[in-house]
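[1] sequence first, predicted coordinates after that:
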Amino acid sequence: MAVSIKNNGQKIWQLRDRNNQILRWFFLFIAVAIIMYCWQKISSQTEWFFVWDAPRIAGDIGSRALPPRWSYIDQLWEPLWDTINIATLGTLLSLFFAVPVAFLAARNTTPHPVFCRWPALLIIVSSRSINSLIWALLLVAIIGPGIFAGTIAIALRSIGFCAKLLYEAIEEIDEKQVEAITATGASRWQVMAYAIVPQIMPSFAGITVFRWDINIRESTVLGLVGAGGIGLQMQSSLNVLAWPQVTLILLIVFIAVIISEMVSAKVRAAII
Amino acid sequence: MSAVLASERRKWRKPPFIRNPLARWGLIVFALVYLVLAIGTMEVNWARVYEGLERGKQFILAFSHPDFASRWSDISAGMIESIIMTITSTAAGIIISIPIGLGAARNIAPLPVYYLCRGIIAVSRALHEIIVAILLVAIFGFGPLAGFLTLSFATIGFLAKLLAEDIESTDRSQSEAVKATGASWLQWINYGIQPQVMPRLIGLSMYRLDINFRESAILGLVGAGGIGATLNTAFDRYEFDTAAAIIVIIIVVVMALEYLSGMIRARLQ
């Protein structure tokens, strides 16, 4: 807390003293300079003519896109079912790998703090860094287009997410329960089953449902690279500029995502 | 417990995770039926998968010798574009999210404003970045501007929602004390609310910077600038060593950003 004194001797309260203030302005100045430089780069690569024309284009697309072609919905049920399957099966598949990785990565359960923990952390960070769309792109190149590639892509992306949250939950467990079970002469696996698993079960269920909800959203676009789901329909509608169909698909995606988010929030509220 | 003690021959068993037996068995049956149906509708061309395993092996092997050199000009240009888009869109996203976050907090916004801001957040969260990017590329043309707008829009849904939830859980007494001094609305927000949410806002912004970078890597697939276009081309040509190089760079940048944000968050607390 700093006080500055005016010429007439009146004291004025200030949040920060002078040096602190100058330092803050300096950092702000650098940040603004960097952002402005980046903006200039973007601006130089933009055809501003198109941008000034954008409101007209947006209005044009809007007038073509409305009203949605409701009859097209008959062809959307199957892709929607596929989309939900990709998300659900992908989440389930990822858990088979995420759980062991999480136990290897957690400081209190890892068999070895270097040789087991570091590879596990590497798996987590590489799975998390790569977007599921990139995984899908890769898998479509490797195992061919289809729902299977989409499911694996979702699973690969989810491993890192689930394992990270799960290993943080494992590290936060109450050690007293572990000690109590160990004191009864339980083996390593019994300690796991009776002391650790019951403690992390609620967060495990919460993480799973949370990731499932995210995966529904992600699996709606996997079709754009050929990995199945409702994105395929969107891509083909976009290719022929069938905007009324695109509107309907977007509407369905929106509703599906909102419903899955509501389900996920309900389940998580019931668990905690 | 007394029932267990009464009949001592009964063995103790772990209490089930879901107590209500009807709900438990119902859920199990539902899950099994769903699994059978879902796996039944999944068509897998195993011959194609088997063929692909060879390419998969090549891809994994490519990580042992990632090729940074032969397409370096494309990689570096794409990477710089990704980073530029990340920085500008995070900055713009934060600036826009703050008023929307304020509007979406039930304890400071009137009801119509609350619903409007919550609506904006819901739309931004429900639509995947790629979908927004497709629409914006159609409207604004190819290039990083569309990517910048997409990421800014996506940032609003994330940051404004979490900021609003944070504001809703702030301590009432502090903001009331500021209000009682006769502060104006702006002063009330600035001295009553802002100090309480600032550390978390900075932490979330850093986290969003990290997310925006990861997302910027895919926007190139639909022509919205960034490294994605280069990556897509590399996959299409089966140049797995170049693709491996790009993925390695992405992982390293994400790790660096995570380390940086961890450091900043540790300093704030």
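    Nice, I can see it.

[2] what about chain B, any weak spots by pLDDT?
    For chain B, the stretches with pLDDT under 70 are B:1-9, B:269.

[3] longest helix in it, by residue count?
    With DSSP state H setting the assignment, residue counts place helix B:72-103 as the longest helix in chain B.

[4] buried ones in that one?
    Of the residues in helix B:72-103, B:74-75, B:78-79, B:81-94, B:96-98, B:100-103 count as buried by neighbour count, 16 or more other Cβ atoms under 10 Å in any protein chain shown. Placement of C-beta: from N, CA and C, glycine included.

[5] spell out whether that helix and chain A are in contact.
    Yes. Helix B:72-103 lies in contact with chain A when judged by Cβ under 8 Å from any Cβ of the partner chain; the contacting residues are B:80-81, B:84-85, B:87-88, B:91.

[6] any idea how far that helix is from the middle of the chain?
    Put simply, helix B:72-103 sits 14 Å off its chain's centre (Cα atoms, centre = their mean, to the nearest Å).

[7] for that helix, packing partners?
    helix A:18-44, helix B:111-126, helix B:144-168, helix B:194-219, helix B:228-236, helix B:240-268 (3 or more Cβ pairs under 8 Å, 6 or more residues apart in numbering or on different chains; DSSP states H and E).

[8] quick one: closest of these to residue B:179.
    With distances scored as Cβ to Cβ, the stretch of those nearest to residue B:179 is helix B:194-219 (13.8 Å).

[9] helices and strands around that closest one, which ones?
    helix A:132-143, helix B:72-103, helix B:129-140, helix B:144-168, helix B:228-236, helix B:240-268.

[10] so for it, what gets flagged as buried?
    Taking 16+ other Cβ under 10 Å as the neighbour-count basis, helix B:194-219 is seen to contain the buried residues B:194, B:196-197, B:200-219.

[11] repeat for stretch A:174-190
    Of the residues in stretch A:174-190, those with enough neighbours to count as buried (16+ other Cβ under 10 Å) are A:178, A:181, A:186.

[12] please convert those residues to JSON lines, extending it with distance to chain B.
    Below are those laid out as JSON lines (distance: Cβ to the nearest Cβ, whole Å):
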{"residue": "A:178", "distance to chain B": "16"}
{"residue": "A:181", "distance to chain B": "12"}
{"residue": "A:186", "distance to chain B": "13"}
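
[13] hmm, back to that, single out the most deeply packed of the helices and strands packed on helix B:194-219.
    Comparing these by mean neighbour count (mean count of other Cβ atoms under 10 Å in any protein chain shown), helix A:132-143 comes out on top with a mean of 26.

[14] who touches that one?
    In this structure, residues lying in contact with helix A:132-143 by Cβ atoms under 8 Å, 6 or more residues apart in numbering or on different chains are A:149-150, A:152-154, A:156-157, A:215, A:218, A:221-222, A:224-227, B:48-49, B:52-53, B:55-56, B:59, B:130, B:217-218, B:221, B:228, B:231-232, B:235-236, B:238, B:243, B:247.

[15] and residue A:165, what element?
    Taking DSSP states H and E as the definition, one finds residue A:165 inside helix A:147-171.

[16] now the contacts of helix A:132-143: which count as buried?
    Buried residues within the contacts of helix A:132-143, counting neighbours by 16+ other Cβ under 10 Å: A:149-150, A:152-154, A:156-157, A:215, A:218, A:221-222, A:224-227, B:49, B:52, B:56, B:59, B:130, B:217-218, B:221, B:228, B:231-232, B:235, B:243, B:247.

[17] quick one, what contacts the spatially most central residue of chain B?
    The geometric centre of chain B, computed from its C-alpha atoms, lies nearest to residue B:211 (Cα atoms, centre = their mean), at 5.5 Å. Shown in contact with residue B:211 (Cβ under 8 Å, 6+ apart): residue B:158.

[18] so how far is residue A:233 from residue A:240?
    Computed with Cβ to Cβ, to the nearest Å, the distance linking residue A:240 and residue A:233 is 11 Å.

[19] the two - which one has more neighbours?
    Using other Cβ atoms under 10 Å in any protein chain shown as the criterion, residue A:240 and residue A:233 rank with residue A:233 on top: 23 against 8.

[20] not counting sequence-adjacent ones, nearest residue to the more buried one?
    residue A:79 (5.2 Å; Cβ to Cβ, 6 or more residues apart in numbering or on different chains).

[21] buried stuff in the helix or strand where the one you found lies?
    Following DSSP H and E, the helix or strand that holds residue A:79 is helix A:77-105. Taking 16+ other Cβ under 10 Å as the basis for neighbour counts, the residues of helix A:77-105 that come out buried are A:79-80, A:82-95, A:97-99, A:101-105.

[22] for stretch A:49-68, same thing?
    By neighbour count, and taking 16+ other Cβ under 10 Å as the criterion, the buried residues in stretch A:49-68 are A:50-51, A:61, A:65, A:68.

[23] how about a markdown table for those residues, with distance to residue B:24, pLDDT and secondary structure added?
    Formatted as a markdown table, the entries for the buried residues of stretch A:49-68 read as follows, by distance: Cβ to Cβ, whole Å; pLDDT from 0 to 100; DSSP: H, G, I helix; E, B strand; the rest coil:
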| residue | distance to residue B:24 | pLDDT | secondary structure |
| --- | --- | --- | --- |
| A:50 | 58 | 76 | helix |
| A:51 | 57 | 77 | helix |
| A:61 | 50 | 80 | helix |
| A:65 | 46 | 75 | helix |
| A:68 | 41 | 78 | coil |
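
[24] nearest to chain B, out of the residues you listed: which one, please.
    For the buried residues of stretch A:49-68, the minimum distance to chain B (Cβ to the nearest Cβ) is 3.8 Å, reached by residue A:50.

[25] circling back: closest one to residue B:134 out of the buried residues of stretch A:174-190, please.
    When the buried residues of stretch A:174-190 are compared for distance to residue B:134, the smallest value, 50.5 Å, is given by residue A:178; criterion: Cβ to Cβ.
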